[in-house]
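A.B. asks: My questions concern the predicted model and sequence given below.
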Amino acid sequence: MTIRTLVWGENVHEKVNKTVAEIYPEGMHNQIAKLLASDGNIAVKTTTLQEPEHGLSDKVLDETDVLIWWGHRAHGDVADEIVERVAKRVWEGMGLIVLHSGHFSKIFKRLMGSPCALHWREAGERERLWVVNPGHPIAKGLPAYFELENEEMYGEPFSVPEPLETVFVSWFQGGEVFRSGLTYRKGAGNVFYFRPGHETYPTYHDETVGLVLRNAVNWAYNPNRYPEITTAPNVPVEKALEPIVARGGSLHEAGEEGFR
């Protein structure tokens, strides 16, 4: 089994912020890809916002089983057309992993249908991530908790839909807590939101974070695609599974078809 995984990076902070450039000299997207490379099931590629079609052409998505998304400063620069293209692929069965400030990305908001807002503080404080669902595949091989010495704080309330599962809950040095690992199913696609990953801290050099991401890719993978899930075809009377006779009025006959 090979899981074709694409890491999408905004690739903006690395170019304009010295601290980020020093921590991630090859770009955050490439460092995330390095964390995935040790899993023999995962074949990883990267792309960025600056590529034509943001690196998310139909051909690229045809060859992607799981998409990992990191964005922050340039959420608004992502074209709506591309957002709809990615959403359609998720509905059809492509896995999606959204990282850190990707909670405010257009694609995450599109799939959640909610503000996806939260409280935050950038103070380099300790984050302790508690594994609250130890039997979940994303938590495989993890201890009861793990810590990141420097992270940005995210605090509740987090205005997202109730998840299918909560895998991690974070505690921060300043006292706040946050649901930091959430799973969803959107259409046929598995979606995982994972909180850590502020760009001015070396989170994506942490091996435990790498294990979470590798587990998440394996969990999000769906070998099947269901393109019909986004269509609404008419089934004519003569093609019904059992014989029936049409009764009552019909918008189709009145020429009002097409409202779907």
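C.D. replies: Arrived safely, thanks for sending.

A.B. asks: could you say what helices and strands the helix or strand of the chain with the lowest mean pLDDT packs with?
C.D. replies: The helix or strand of the chain with the poorest confidence is helix 13-16; it has a mean of 93 (mean pLDDT, DSSP states H and E). Counting contacts by 3 or more CB pairs under 8 Å, 6 or more residues apart in numbering; DSSP states H and E, helix 13-16 packs against helix 18-23. For the C-beta atoms, the positions are set from N, CA and C on the backbone; glycine is no exception.

A.B. asks: what residues does the helix it packs on touch?
C.D. replies: Residues outside helix 18-23 that contact it (CB atoms under 8 Å, 6 or more residues apart in numbering): 13-15, 28, 199-202, 205.

A.B. asks: mean confidence score for it?
C.D. replies: Mean per-residue pLDDT for helix 18-23: 97.

A.B. asks: tell me which residues of that helix are tucked away?
C.D. replies: Within helix 18-23, the residues that count as buried by 16 or more other CB atoms under 10 Å are 20, 23.

A.B. asks: For the next helix or strand after that helix, buried residues please.
C.D. replies: The element immediately downstream of helix 18-23 (helix or strand, assigned by DSSP states H and E) is helix 28-36. Using 16+ other CB under 10 Å as the test for burial, helix 28-36 gives 28-33, 35-36.

A.B. asks: again, but for stretch 122-129
C.D. replies: So, applying 16+ other CB under 10 Å, buried residues of stretch 122-129: 125, 127, 129.

A.B. asks: Could you report the distance from the residue lying closest to G189 once chain neighbours are set aside to Y184?
C.D. replies: In this structure, G189 finds its nearest non-sequential neighbour in V90, 3.7 Å apart by CB to CB, 6 or more residues apart in numbering. V90 sits 10 Å away from Y184, going by CB to CB, to the nearest Å.

A.B. asks: Comparing the two, which shows the higher neighbour count?
C.D. replies: Neighbours were counted for V90 and for Y184 using other CB atoms under 10 Å; V90 has more, 24 against 21.
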